[in-house]
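Colleague: here is the input, now give the coordinates:
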Amino acid sequence: MTGRDAIDDVWDQWHRERPEIDPDLLDVMAAVGRMNRLRRHIDQTLRTYFARYGLDFSEFDVLATLRRSGGAEGVSAGTLLRSAMVTSGAITNRVDKLTAKGLVERSVCAEDRRSVRVKLTPEGIRLVDDILLGHIENEARFLAVLDADERDLLNNLLRKLLIAQGDTHLG
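Modeller: Numbers count the residues shown, from 1 in each chain. Take a look at the predicted model:
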């Protein structure tokens, strides 16, 4: 053990107040609590970082999805929807905001005129390329206390949890 965190205090309080609860169940609650607290720390760091570029994380997520998978033709709104795991209205709102900022553009698909594709503008490509490494370095700071084997273990455990939830493919 490397020390105590706030969740250890929560665990102790529940164990004191409800000693009949199986400690293994309290450990489950502690693990989820730690994931939630870490997520809040990560969210705050990302909000601060992306705000410097006039973006929020959800907008960057769309830009990054387009950069890594869009190519010259872009991607369908459905692909963005599956990648972001939000409602179609939320994707439309994000694309609208990014279009107004001149970072993405919509086009009607030549093969199916009912389908709309979204792609990065040259300015959008430049922005993603300019901020991507700084974003990754921010994330790396969260894992800097882990060595390579611990990061591999963490990745494998998180993958196992996501697979158990059916989160196995973007599209």
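Colleague: going forward, measure contacts between C-alpha atoms and count neighbours the same way
Modeller: OK.
Colleague: and the helix or strand where Asn36 lies, what's its mean pLDDT?
Modeller: Secondary structure here is read from DSSP states H and E; on that basis Asn36 sits in helix 23-51. The average of the pLDDT scores along helix 23-51 is 95.
Colleague: tell me where the chain has strands.
Modeller: Under the criterion DSSP state E, strands of the chain are mapped to 75-76, 104-108, 116-120.
Colleague: contacts only, for the residue positioned nearest the centre of the chain.
Modeller: The residue lying closest to the centre of the chain (Cα atoms, centre = their mean) is Asp61, at 7.3 Å. Contact partners of Asp61, counting by Cα atoms under 8 Å, 6 or more residues apart in numbering, are Ala84.
Colleague: tell me how far it lies from Pro19.
Modeller: Distance, Asp61 to Pro19, using Cα to Cα, to the nearest Å: 44 Å.
Colleague: tell me the spacing between His41 and Arg151.
Modeller: Distance from His41 to Arg151, counting by Cα to Cα: 18 Å.
Colleague: same check, this time on Asp5
Modeller: Computed as Cα to Cα, the Asp5 to Arg151 distance reads 20 Å.
Colleague: what about those two, which has more around it?
Modeller: When Asp5 and Arg151 are compared for neighbours, Arg151 comes out ahead with 14 against 9, by other Cα atoms under 10 Å.
Colleague: residues in contact with the helix or strand bottoming out on mean pLDDT in the chain?
Modeller: The helix or strand of the chain with the poorest confidence is helix 77-84; it has a mean of 78 (mean pLDDT, DSSP states H and E). By Cα under 8 Å, 6+ apart, the residues outside helix 77-84 that reach it are Asp61, Val62, Thr65, Thr87, Ser88, Ile91, Val116, Arg117, Val118, Leu170, Gly171.
Colleague: how is this structure carved up into domains?
Modeller: 1-52, 55-144 (automatic domain parsing).
Colleague: among the ones you listed, which is nearest Arg159?
Modeller: For Arg159, the closest of the domains of the chain is domain 1-52, at 13.9 Å, according to Cα to Cα.
Colleague: from the chain's centroid, how far away is that closest one?
Modeller: Its chain's C-alpha centre and that of domain 1-52 lie 19 Å apart, by Cα atoms, centre = their mean, to the nearest Å.
Colleague: could you list the low-pLDDT ranges of this protein?
Modeller: 1, 70, 85-86, 109-113, 170-171 (pLDDT under 70).
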